[in-house]
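In: what shape does this take:
(chains A and B)
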Amino acid sequence: MRAAPNPNGPWHIGHARMPAVIGEYAERYDGWFCVRFDDTDPETKRPDLDAYDAILEDVEYLGFETDAVYRASDRMETYYGYARELIEAGGAYTCSCSGETFSELKNDGEACPHREQDAEDTLADFERMVDGEYESGEKVLRVRTDIEHKNPALRDFVAFRMVDTPHPRESAAHYRCWPMLDFQSGIDDHELGITHVIRGIDLQDSAKRQGFVYDYFDWEYPEVVHWGHVQVDAYEVPMSTSSIKELIDDGELDGWDDPRAPTLKSLRRRGIRGEAIVEAMAGLGTSTSNVDLAMSTIYANNREIIDDDSDRYFFVRDGLEVPLTGGPDEANPPLHPDHADRGDRSIPVGETVLVEANDLPGHGERVWLKGLGCVENIRDAFQFTGDDIEVVKSGAVDVIHWVPGKESVPCRMRTPDGDEQGRAEPGVGELDADEVVQFERVGFARIDRQDDAETVTYFAHD
RNA sequence: GCUCCGGUGGUGUAGUCCGGCCAAUCAUAUUGCCCUCUCACGGCAAUGACCAGGGUUCGAAUCCCUGCCGGAGCACCA
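Out: Residues are numbered from 1 along each chain as shown, chains lettered A, B, ... in the order given. Predicted coordinates for the structure are as follows:
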C-alpha cells in the first residue's frame, strides 16, 4: 500500500488518516507500506523542498516505518517509456487544442482534429515534447479513451503537458514535459506492485480514467477505496496546508508547530502521542461520506496512554496572592497518586499562596489546599484550620491546587486558545524538556523548555 | 447542463453483499453515582440513531422505486 502525498508542506491532522489506515492494514495483513511523493507539478503545486523530510518526520512521529520512499520526479524516464509504449499501442495522441476549445468539443462528444494522428507522427511529436521544444500550453499528450463516453469526465484526458517552470529539485529541474497525476500515479501503482489504493472522493473518476491506460497495457487495476473528507472540530484555523502556510507567513501563527495550528507538528509539541492520533483515524474507517473527527477522541486516547507516566504538579494561572497564617511550612503531595514509590514533591509554603480566582472561597468559607491542609478565608487572608482530612472526605470543603507566593516559578502554558501566564511549584523549574506532566485540575502539558525567565509548557488536553 | 457517490444516536463506527439471532455493536461525548487530598485514572449507570414515503416479503437498517438532503468530478492541480 502507499501514501502518495504532494510535498507542499508539513502535514495537518487530516493527513494522518492515510498512514494510520494503511499502516494498520499493512500490519494486519503483513503488507508493505511506502511513501511516494507525487511531485509532478513544478508550477501550480510547486513542491516545497523542506516538505519531503517534514512529511517523513510526521510519518515517523505517527509511529510508522516506511518500507520505501519514492519521488515521482526521480522516475520521469519510466513515465516517458510507458508513454511511448502507449503511443505505439495507439492509446494516445498529441494535441495542440487550447483547453477551452477541447473542453467544448469534449462536452459535445466530438473529437478534435488531432485525434486521428497516427502513432508514428505522435511518437515523433512526443519526443519533441520531451526535448522541451514546446512551451507551456502549446502541446499535450492525450490518452485516447472514448470521446463519446457518457461521463464527460472520462473523455480523452491529458497524460502529459509542458511546464516552463523548472522543478525545484535540482535533479529534475531540466524536465519540461511532465505527466499528469492520473498517468503518473497509474503507472507507478502498477510498477511498484501496489495492490490496494485508498484515496479521496475527489479522485473518484481517476480509477476509471486510469482504467483505459491499464487496458492498453493489459494490466489489472488495484483494489480501490474512496473516502470522504475529514473535518476536525476544535480549530478556528482552516485545515489546509496552503492556508496554514499563509497564516505562518503573515505572522498569525509562530510556525507549523504553533499550538493553534491544526498540524501534526503542533500535536507533537503538545505532547500528544502519534499512537493516539492513529487510533482515532483508524477508527474513522474508510467511508465514502465526509466525516467529522472530534479532537476529544484523540485526547481521550492520549490521556489513557500518558496518565500513568505523567507526574503531578501544581500550576496556578493568573493567581491571586493571599496571605497565609499558621500551618506547616512545607507541603509534600505525591508525584503520582497511583505510584507512591515515585516519592513526594516538596513545596515550601511561605507567607502567601497563589490560588486561581475561581477557587477563592468566600469570606468565612473554607477550602482545602491540596497536600497542605484546610484554610479559612478571613478578610481576604487564609487562616490555617487544621489537617484533618475528614473535612474533605465528608464533602465539607473543596480541594484546590495552589502554589507558594514567593518560591513558585514563572510558567507559561501555550494552548490552542492562546497563552496562559501563571506560576508553578518550584519543582517545575527543574523538569527536563520533553517531559509530560499533569498540572492538577488544569490538564496535561509537555515541558517545552526552561527559559531564563520562565518555564515554557505546551498544553495537551485536560 | 452531463456524470458518479453517499445518508445508522452530538461525533465516529459495527451490522447492509448472503433479509429474521438488531426494540441495533463498540468507542467517544454529556449527566449522575462510587473511588479519590485533582474536575486525572479506574468502576457503575443513564441519555441518545437506522433521512422520508411507498413497494416486495410471514418478516427490512438490510432488497426495489421515488423524493429529500449532502458530497464529488467534467483542469495543460494533486
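In: contact partners for residue A:88?
Out: For residue A:88, the contacting residues are A:119, A:123, by CB atoms under 8 Å, 6 or more residues apart in numbering. Just so you know, the C-beta spots here come from the backbone N, C-alpha and C atoms, and that holds for glycine as well.
In: for it, phi and psi?
Out: With angles defined as degrees, to the nearest 10, residue A:88 sits at phi -60, psi -30.
In: how close does it get to residue A:185?
Out: According to CB to CB, to the nearest Å, residue A:88 and residue A:185 sit 22 Å apart.
In: got it, and residue A:318?
Out: Distance, residue A:318 to residue A:185, using CB to CB: 53 Å.
In: okay, these two: which has more neighbours?
Out: The neighbour comparison of residue A:318 against residue A:185 (other CB atoms under 10 Å) goes to residue A:185, with 23 against 11.
In: now the more buried one: phi and psi?
Out: phi -70, psi -40.
In: that one and residue A:206 touch, don't they?
Out: Yes - taking CB atoms under 8 Å as the definition, residue A:185 is a contact partner of residue A:206 at 7.4 Å.
In: what touches both of the two?
Out: With CB under 8 Å, 6+ apart as the test, residue A:185 and residue A:206 reach no residue in common.
In: just to be sure, residue A:134 is in a strand?
Out: No - per DSSP: H, G, I helix; E, B strand; the rest coil, residue A:134 lies outside any strand segment and is coil.
In: what sits against it?
Out: Residue A:134 touches A:128, A:162, A:176, counting by CB under 8 Å, 6+ apart.
In: got these as a markdown table, with distance to RNA strand B columns?
Out: A markdown table is the format used below for these (distance: CB to the nearest atom of the strand, whole Å):
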| residue | distance to RNA strand B |
| --- | --- |
| A:128 | 14 |
| A:162 | 5 |
| A:176 | 11 |
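In: of these, grab the buried ones for ChimeraX.
Out: In ChimeraX syntax, the buried subset of the contacts of residue A:134 is picked out as below (16 or more other CB atoms under 10 Å):
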select /A:162,176
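In: now, the contacts of residue A:134 that are in helices?
Out: Residues of those located in helices (DSSP state H): residue A:128.
In: how many neighbours does residue A:116 have?
Out: Neighbour tally, residue A:116, other CB under 10 Å: 8.
In: try residue A:364
Out: Residue A:364 has 9 neighbours, counted by other CB under 10 Å.
In: residue A:59 should be in a strand, yeah?
Out: No - applying three-state DSSP, one finds residue A:59 to be helix, outside a strand.
In: now it, nearest residue through space, not along the chain?
Out: Computed as CB to CB, 6 or more residues apart in numbering, the closest residue to residue A:59 that is not its neighbour in sequence is residue A:19, at 5.4 Å.
In: what about that neighbour, which helix or strand?
Out: Per DSSP states H and E, residue A:19 falls inside helix A:17-28.
In: show me what that helix is packed up against.
Out: Helices and strands touching helix A:17-28, by 3 or more CB pairs under 8 Å, 6 or more residues apart in numbering; DSSP states H and E, are strand A:2-3, strand A:196-200, helix A:274-283.
In: would you mark the buried spots in the last one?
Out: Residues of helix A:274-283 classed as buried under the neighbour-count rule (16+ other CB under 10 Å) are A:274, A:276-282.
In: ok, then the element right after it?
Out: Using DSSP H and E, the helix or strand that directly follows helix A:274-283 along the chain is strand A:291-293.
In: output the contacting helices and strands for that next one.
Out: strand A:230-232.
In: what pairs with the strand it packs on, parallel or antiparallel?
Out: Using DSSP bridges, the strands paired with strand A:230-232 are strand A:291-293 (parallel).
In: got a list of what the closest residue to residue A:277 other than its chain neighbours touches?
Out: What sits nearest to residue A:277 in space, not counting adjacent residues and going by CB to CB, 6+ apart, is residue A:16, at 5.0 Å. By CB under 8 Å, 6+ apart, the contact set of residue A:16 is A:58, A:62, A:264, A:274, A:277-278, A:281.
In: can you do 6 Å?
Out: A:62, A:277, A:281 (CB atoms under 6 Å, 6 or more residues apart in numbering).
In: the first one and residue A:278 touch, don't they?
Out: So the one you mean is residue A:62. Yes - at 5.5 Å, residue A:62 counts as touching residue A:278 under the criterion of CB atoms under 6 Å.
In: common neighbours of the two, please.
Out: Shared contacts of residue A:62 and residue A:278, defined by CB under 6 Å, 6+ apart, are not found at any residue.
In: once you drop chain neighbours, what's closest to the residue of the stretch 251-400 of chain A found nearest RNA strand B?
Out: RNA strand B sits closest to residue A:289 of the stretch 251-400 of chain A, with a gap of 3.2 Å, by CB to the nearest atom of the strand. Residue nearest to residue A:289 in three dimensions, not counting chain neighbours: residue A:228, with 4.8 Å by CB to CB, 6+ apart.
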